[in-house]
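Q: Structure, please.
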Amino acid sequence: MDELRRVDITDEAAALVARLVEQHGPLLFHQSGGCCDGSSPMCYPRGEFRIGQRDVYLGVVADTPFYMGADQFEYWSHTHLLVDVVPGRGGGFSVEAPEGVRFLIRSTVFTDDEMAALAPIEVGDHHSAQ
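A: Model prediction:
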């Protein structure tokens with residue numbers, strides 16, 4: 001059985017991440033919960049975004065770590081997140097913005113059994129040296 005993950009990515013979004021890595025180097029996703037696309041994952045060059053001590057590490061998608069602000073995680077902790085990509089303009093600071101597309105999250109609620117099977121969360125930066 002595959003390991004239950006908190007976050008996954010569609011094939012189309014993973015292909016976009018691969019192209020963006022060629023242009024920008026290693027990336028990371030962060031979802032803050034603030035205004036201005038706060039519920040959309042933002043994608044940044046890994047060395048240009050500082051992970052806070054309270055940011056929650058949810059896993060790796062397309063070789064790219066995914067973090068979420070602690071306050072936002074309180075709302076999303078019971079859901080499986082799927083990173084997808086759609087046409088349109090998202091956050092101006094996210095690296096996909098010039099491509100005419102934006103990342104978004106599709107979510108489904110975990111069952112009680114799935115919640116019990118999830119690995120414990122980790123907080124803080126786990127990938128700054130990569």
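Q: now for the lengthiest helix in the chain, which elements pack on it?
A: For the chain, the helix reaching the highest residue count under DSSP state H is reported as helix 11-24. For helix 11-24, the packing partners by 3 or more CB pairs under 8 Å, 6 or more residues apart in numbering; DSSP states H and E come out as strand 27-31, strand 42-45, strand 56-61, strand 79-87, strand 101-109. (C-beta placed from N, C-alpha, C; glycine too.)
Q: Just want the angle from it to strand 101-109.
A: 140 degrees (axes from the mean of the first three to the mean of the last three CA atoms, to 10 degrees).
Q: neighbouring contacts of helix 11-24?
A: With contacts defined as CB atoms under 8 Å, 6 or more residues apart in numbering, helix 11-24 is touched by 9, 27, 43, 45, 61-64, 83-85, 95-96, 99, 101, 103.
Q: now with 10 Å?
A: Residues from elsewhere that reach helix 11-24 (CB atoms under 10 Å, 6 or more residues apart in numbering): 8-10, 27, 29, 41, 43-48, 61-64, 82-86, 94-96, 98-99, 101, 103-104.
Q: List only those of these flagged as buried.
A: Members of these that pass the buried threshold by neighbour count (16 or more other CB atoms under 10 Å) are listed as 8-10, 27, 29, 41, 43-44, 46, 61-62, 64, 82-85, 94-96, 101, 103-104.
Q: Arg6 against Ala117, yeah?
A: No. Shown here, Arg6 and Ala117 do not form a contact pair, counting by CB atoms under 10 Å, at 11.2 Å.
Q: circling back: reformat the helices and strands packed on helix 11-24 as TSV; add distance to Ala14.
A: What follows is these, written out as TSV (distance: least, CB to CB, whole Å):
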stretch	distance to Ala14
strand 27-31	12
strand 42-45	12
strand 56-61	7
strand 79-87	8
strand 101-109	11
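Q: and of these, who's closest to Gln72?
A: Evaluated with CB to CB, the helices and strands packed on helix 11-24 place strand 27-31 nearest to Gln72, the distance being 5.9 Å.
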